[in-house]
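[1] only geometry, no sequence info:
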């Protein structure tokens, strides 16, 4: 995204819940939290600047050596005394809710209490992400944090479904079961967290592509897995059994196709590890430029 949002919405939801069951406690926490929160622009402005800086580095030519600039003090808001004090205030709010869980849930509902606890977790995660941005953490760390937050959110959604099934649409790289390595960074994806939590209840359908000139994805090299799928002459929905039903070494012997000819195109070629991470491959012979997406840079 263009920025990382303020923790305001999450904290206002928690305080509204607490107000409904204990107005005095809500007023006490609100008196501490509100001055520390301040305006959303205090959080989102520095975060937007830092994320623009990150994107500029990503889009730079591979061998470009930009001079290291001293950090702008305005971008350090995420580790300012005010931000650190808000993190402490959120921890104190979380501690009180946990301590009083039996009575708070009894005076509301279990679902309302669980929702409030989730909102506290969202606020804490946002504060941690703002702090990491301000410290200019490596991009792999920032993306790992975001994916862990997504896993928390999906776990919360699944629990609310009371055993129902949840379908999630993300880039393949964020749903795989093992550490993901991209040209710019590597990170621990959401799927690795969900696989640990749900085991066989977690299934991944990975998208794969033959060629897409509009997206700078050229025809796959002969012998690669995409080339073999393309030779079938039809789009297909192919169970992989996570590669376990293939002869040993069969996947490793296949060449891996080249990436897109532009560095910012995020199509991930199928590798042996990819097949082991997927339960099904949804293969398309070709696709156009995604509807609604802006034109590629350059």
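    That came through fine. Worth saying up front: this structure is predicted, and the values here are computed from it rather than measured. Numbering: from 1, shown residues only.

[2] Show me what secondary structure element comes after the longest helix anywhere in the chain.
    Using DSSP state H, we find that the single longest helix of the chain is helix 110-134. Next in sequence after helix 110-134, counting helices and strands by DSSP states H and E, comes helix 139-160.

[3] List the buried residues in the helix or strand that that following helix is followed by.
    Sequence order places helix 172-175 as the next helix or strand after helix 139-160, per DSSP H and E. In terms of neighbour count (16 or more other Cβ atoms under 10 Å), helix 172-175 has its buried residues at 172-175. To be clear about C-beta, it is placed using only N, CA and C from the backbone, and glycine gets the same treatment.

[4] again, but for stretch 148-164
    For stretch 148-164, burial by neighbour count (16+ other Cβ under 10 Å) applies to 148-156, 158.

[5] coming back round to it: measure how far the longest helix of the chain is from the centre of its chain, please.
    Centroid displacement of helix 110-134 relative to its chain, using Cα atoms, centre = their mean, to the nearest Å, is 15 Å.

[6] what's it packed up against?
    Packing partners of helix 110-134 (3 or more Cβ pairs under 8 Å, 6 or more residues apart in numbering; DSSP states H and E): helix 8-21, helix 40-59, helix 81-99, helix 101-106, helix 139-160.

[7] and it, which residues are buried?
    The neighbour-count check on helix 110-134 (16+ other Cβ under 10 Å) flags 113, 115-127, 129-134 as buried.

[8] Likewise for stretch 170-188?
    171-177, 180, 186-188.

[9] Go through those and name the one nearest residue 95.
    If you rank the buried residues of stretch 170-188 by distance to residue 95 using Cβ to Cβ, residue 188 comes first, at 27.7 Å.

[10] gap between the closest one and residue 267?
    21 Å (Cβ to Cβ, to the nearest Å).

[11] Now do stretch 187-196: everything it contacts.
    The contact list for stretch 187-196, computed with Cβ atoms under 8 Å, 6 or more residues apart in numbering, reads 140-141, 143-144, 147-148, 150-151, 154-155, 170, 173-180, 202, 204, 277.

[12] I meant to write stretch 126-137 there.
    Applying Cβ under 8 Å, 6+ apart, the contact partners of stretch 126-137 are 4-7, 10, 43, 46-47, 50-51, 71, 75-80, 83-84, 86-87, 90, 141-142, 145-146, 149.

[13] how about a cut-off of 7 Å?
    Contacting residues not belonging to stretch 126-137 are listed as 4-5, 7, 10, 43, 46-47, 50, 71, 75-79, 83, 86-87, 90, 141-142, 145 [Cβ atoms under 7 Å, 6 or more residues apart in numbering].

[14] measure the spatially most central residue of the chain to residue 190 for me?
    The centroid of the chain falls nearest to residue 147 when counting by Cα atoms, centre = their mean (3.2 Å). Applying Cβ to Cβ, one obtains 4 Å for the distance of residue 147 from residue 190.

[15] Identify the contacts common to those two.
    residue 174.

[16] pretty sure residue 172 is in contact with residue 267, am I right?
    No - the criterion here is Cβ atoms under 7 Å, and residue 172 misses it with residue 267 at 8.9 Å.

[17] Can you pull out the low-pLDDT segments for this structure?
    Low-confidence segments of the chain (pLDDT under 70): 1, 61-70.

[18] sorry, back to before: so for residue 227, which of the helices and strands packed on helix 110-134 sits nearest?
    Of all those, helix 40-59 comes closest under Cβ to Cβ, at 29.2 Å.

[19] Tell me the helices and strands packed up against the closest one.
    Counting by 3 or more Cβ pairs under 7 Å, 6 or more residues apart in numbering; DSSP states H and E, the packing neighbours recorded for helix 40-59 are helix 110-134.
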